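In: sequence and predicted structure, then a few things I'm wondering about:
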There are 2 protein chains.
Amino acid sequence: MTAWRQIHDTLEREIQTGRLADGAQLPVEAELAARFGVNRHTVRRAISALATRGIVSVEQGRGTFVRQSPIHWHVDKRMRFTEMHAQANRKATRRLLRAAEVAADAAIADALELKPGSHCYYLETLEEVDGTPLSVASRFFPGRLVPNLIDVYIAAGTITAALERLGIADYQRRSTAVSARLPSAEEAALLLQPREQPVLVIETVNVDKAGRPIEYGIARSAAARLKLTFDM
Amino acid sequence: MTAWRQIHDTLEREIQTGRLADGAQLPVEAELAARFGVNRHTVRRAISALATRGIVSVEQGRGTFVRQSPIHWHVDKRMRFTEMHAQANRKATRRLLRAAEVAADAAIADALELKPGSHCYYLETLEEVDGTPLSVASRFFPGRLVPNLIDVYIAAGTITAALERLGIADYQRRSTAVSARLPSAEEAALLLQPREQPVLVIETVNVDKAGRPIEYGIARSAAARLKLTFDM
DNA sequence: ACGTATTTGTTCGTATGTATC
DNA sequence: GGATACATACGAACAAATACG
């Protein structure tokens, strides 16, 4: 077994057994190198593998820290972001990053059952739970069904409230697609997570009571902080 | 911007624009180092980041190659592994890695509605689609409901057929949990993927017609090769 | 506001090991 | 066995981000 892997396993064991607590700082690289009698590069290789697995997070100029455990999301036809977290006694907030009016590309048009090029509203938000970023979400809405959505959303504060003001009192999740990948630099920065750690990509189509698509959303969530459950 | 990141972005662009095709081999490290006028380490750093994002896959002694695009799995109450892929005109096989009789731990007992310590059958399989490994799956079955499962499975060849012989003609997916993480060394090796690339962790509980849990499965699937969709 | 110490990040050089063809 | 290509490890230096007096 290689040196870096032994160091990796040793550190993982110390974290698993609680000798290094949640959130605790690891000894600095130089110190670990001395302790294991190897070059600093070799320690870095081990730590890099731990960061890659989401066990620790590395921050330039600060140090290396032990990470914490995920929250559970029961996906449901009718779940609402704020509501769900309120039930679990967590404080959820949504921060608007970008808003725009766009023309639907093929994927958007397909999801919203529009003609490509149709007018859509676009919202990009960062969702935080208990002060920690959880997801970056991009959402598209058909312009015809939700006129002036951006201003209404800004005034209303939540998407549910905005849609209600626009006469869509009830809407439901129709389909949800899930995949995973590594984040872009921007996503990682917004989620305050290392680029080596995966994001869950959750694509959702919501429909109104009549079954018309109202919203197409693509959320990128810190995988280490989230687990989804679907009942059938 | 650092040198390795520029090289990373340049190579990604060449792959995205098709100048480096799916499955194509990248120039060897020494050649890339010469081309970009940097040390071989710097090229390795760039390639390592591409591998981490699942854009390329690196194989010792062979070379570095561009990866391909994912398959789509419509998750359904009643989907069957072989059936589903057959519909999509793909060849799916399942290879038995391990089989054992085990005592249920807390998580298994909870999922299968058994007392902790109850007798269970355990199957670990590698699922391949068109010759490429897709998932490593661990499955637990309640011993009382499926007596002698292991021999029956080996004789029958598929899980559906084995359960049918044991009198469970029809079973359904009850719940599915999804999360993502980086793979262990063993998982990565079985899936023929780099350790830096995420796996989707898919936990499933299947129940028989009477609603009794029959199977608790934990699949780890190469995230780059799979996308899940749930309809509601 | 500034400078300094600390800590991680990048890059070079070099040598040797291991897997594949 | 030999050639090729990636993997591991050591040493040195400097850059960049952060923390702190």
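Out: Structure received.

In: tell me the contacts of the residue nearest to residue A:45 when sequence neighbours are not counted?
Out: Once flanking residues are discounted, residue A:45 sits nearest to residue A:4: 3.9 Å by Cβ to Cβ, 6 or more residues apart in numbering or on different chains. C-beta here means a position set from N, CA and C on the backbone, and glycine is covered the same way. Residues near residue A:4 by Cβ atoms under 8 Å, 6 or more residues apart in numbering or on different chains: A:38, A:42-43, A:45-46, A:49.

In: now the buried members of those.
Out: Using 16 or more other Cβ atoms under 10 Å in any protein chain shown as the burial test, the contacts of residue A:4 include A:38, A:42-43, A:45-46, A:49 as buried.

In: number of residues surrounding residue A:126?
Out: As a burial measure, residue A:126 scores 16 neighbours (other Cβ atoms under 10 Å in any protein chain shown).

In: same thing with residue A:88?
Out: Neighbours of residue A:88 (other Cβ under 10 Å): 13.

In: where does pLDDT dip in chain A?
Out: Residue ranges of chain A with pLDDT under 70: A:185.

In: so which bits of it are right by chain B?
Out: With Cβ under 8 Å from any Cβ of the partner chain as the criterion, chain A meets chain B at residues A:49, A:52-54, A:70, A:75, A:77, A:172-182, A:195-200, A:223-224, A:226-232.

In: filter those down to the ones in strands?
Out: A:75, A:172-181, A:199-200, A:226-231 (DSSP state E).

In: narrow these to just the buried residues.
Out: Buried members of those, counted by 16+ other Cβ under 10 Å: A:75, A:172-181, A:199-200, A:226-228, A:230.

In: contacts only, for the nearest residue to residue A:146 once chain neighbours are set aside.
Out: Leaving out its chain neighbours, the residue that sits closest to residue A:146 by Cβ to Cβ, 6+ apart is residue A:166, at 4.9 Å. Residue A:166 makes contact with A:145-147, A:149, A:152 under the criterion Cβ under 8 Å, 6+ apart.

In: tally of neighbours for the nearest residue to residue A:103 once chain neighbours are set aside?
Out: Excluding its sequence neighbours, the residue lying closest to residue A:103 (Cβ to Cβ, 6+ apart) is residue A:117, at 4.9 Å. Neighbour count of residue A:117, defined by other Cβ under 10 Å: 11.

In: run through the residues that contact residue A:117.
Out: Counting by Cβ under 8 Å, 6+ apart, residue A:117 has contacts A:103-104, A:109.

In: and stretch A:17-27, end to end?
Out: 17 Å (Cα to Cα, to the nearest Å).

In: is that stretch in proximity to DNA strand C?
Out: Yes: legend: contact between stretch A:17-27 and DNA strand C by Cβ under 7 Å from any atom of the strand is shown at residue A:26.

In: can I assume residue A:172 is in contact with residue A:214?
Out: No: contact criterion Cβ atoms under 8 Å: residue A:172 and residue A:214 do not qualify, at 9.2 Å.

In: overlap of the contact sets of those two?
Out: The contact lists of residue A:172 and residue A:214 share A:206-208, where a contact means Cβ under 8 Å, 6+ apart.

In: of those residues, keep whichever come out buried.
Out: A:206-208.

In: which of the shared contacts of residue A:172 and residue A:214 come close to DNA strand C?
Out: Among these, DNA strand C is touched by none when using Cβ under 7 Å from any atom of the strand.

In: return the subset of these lying in helices.
Out: Per DSSP state H, helices hold no members of the shared contacts of residue A:172 and residue A:214.

In: for these, give me JSON lines that also has distance to residue B:19.
Out: Conversion of the shared contacts of residue A:172 and residue A:214 to JSON lines gives the following (distance: Cβ to Cβ, whole Å):
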{"residue": "A:206", "distance to residue B:19": "39"}
{"residue": "A:207", "distance to residue B:19": "41"}
{"residue": "A:208", "distance to residue B:19": "45"}
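
In: nice, that's everything, thank you.
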